[in-house]
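Asker: need coordinates for the following:
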Amino acid sequence: MIDKVKALAAQNRAAKTAEDKAEVRRQMDALKESDPKAFAVAVGYMAKTTEQKVKELTMAEKFGEITDMVSMAYIAKAYFGKSRSWLAHKMNGNIVNGKASQFTPDELVTLRGALQDMAQKFGSLSLAI
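Answerer: Here you go, the predicted model:
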């Protein structure tokens, strides 16, 4: 059932016309009627995996153009005492020693503090100009 729901979800994302979307909806409704419990489990699974994917967005994806605006090497050295490559691994979720590199909760606190500190410095500079 999960595979069928996944396939229909992909088909819905690819649908270009209202008719295509209506056909997917009809198929979803038929699937739901055929086995309501299994359908509910499948949809719940899809929601949970989507939520997890959102949580797993790399920090670089969350930062967007900010990485072009500020020196990531400066952030790495000044706030973490680490190299730019260390920060790049964390930002991009690179595989290091067989697992995706992620910020620890303490490192996220440090990163938040770094961003707030830099925002304050930029704000002070903008007032001084």
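Asker: quick one, what contacts the residue lying closest to residue 94 once chain neighbours are set aside?
Answerer: Of all residues not flanking residue 94 in the chain, residue 101 sits nearest, at 5.3 Å (CB to CB, 6 or more residues apart in numbering). Every residue, glycine included, has its C-beta placed from N, CA and C. When contacts are counted by CB atoms under 8 Å, 6 or more residues apart in numbering, residue 101 touches 89-90, 92-95.
Asker: among these, which ones are buried?
Answerer: With neighbours counted by 16 or more other CB atoms under 10 Å, the contacts of residue 101 contain buried members at 89-90, 93.
Asker: between those residues, which is closest to residue 17?
Answerer: residue 93 (36.4 Å; CB to CB).
Asker: I'd assumed residue 55 was in contact with that closest one.
Answerer: No. Residue 93 is not in contact with residue 55 according to CB atoms under 8 Å; the separation is 11.6 Å.
Asker: what about the residue nearest in space to the middle of the chain, which SS state?
Answerer: Nearest to the mean C-alpha position of the chain, counting by CA atoms, centre = their mean, stands residue 57 at 2.1 Å. The local conformation at residue 57, judged by DSSP: H, G, I helix; E, B strand; the rest coil, is coil.
Asker: quick one: which of the contacts of residue 101 is nearest to residue 79?
Answerer: The closest of those, once distances to residue 79 are taken by CB to CB, is residue 90, at 12.0 Å.
Asker: what's near enough to touch that closest one?
Answerer: 59, 101-103, 107.
Asker: from the residues you listed, which land in helices?
Answerer: Cross-referencing the contacts of residue 90 against helices under DSSP state H gives 59, 107.
Asker: just give me the closest of the contacts of residue 90 to residue 44.
Answerer: The closest of the contacts of residue 90, once distances to residue 44 are taken by CB to CB, is residue 102, at 25.6 Å.
Asker: how much space between the residue nearest to the centre of the chain and residue 92?
Answerer: 11 Å (CB to CB, to the nearest Å).
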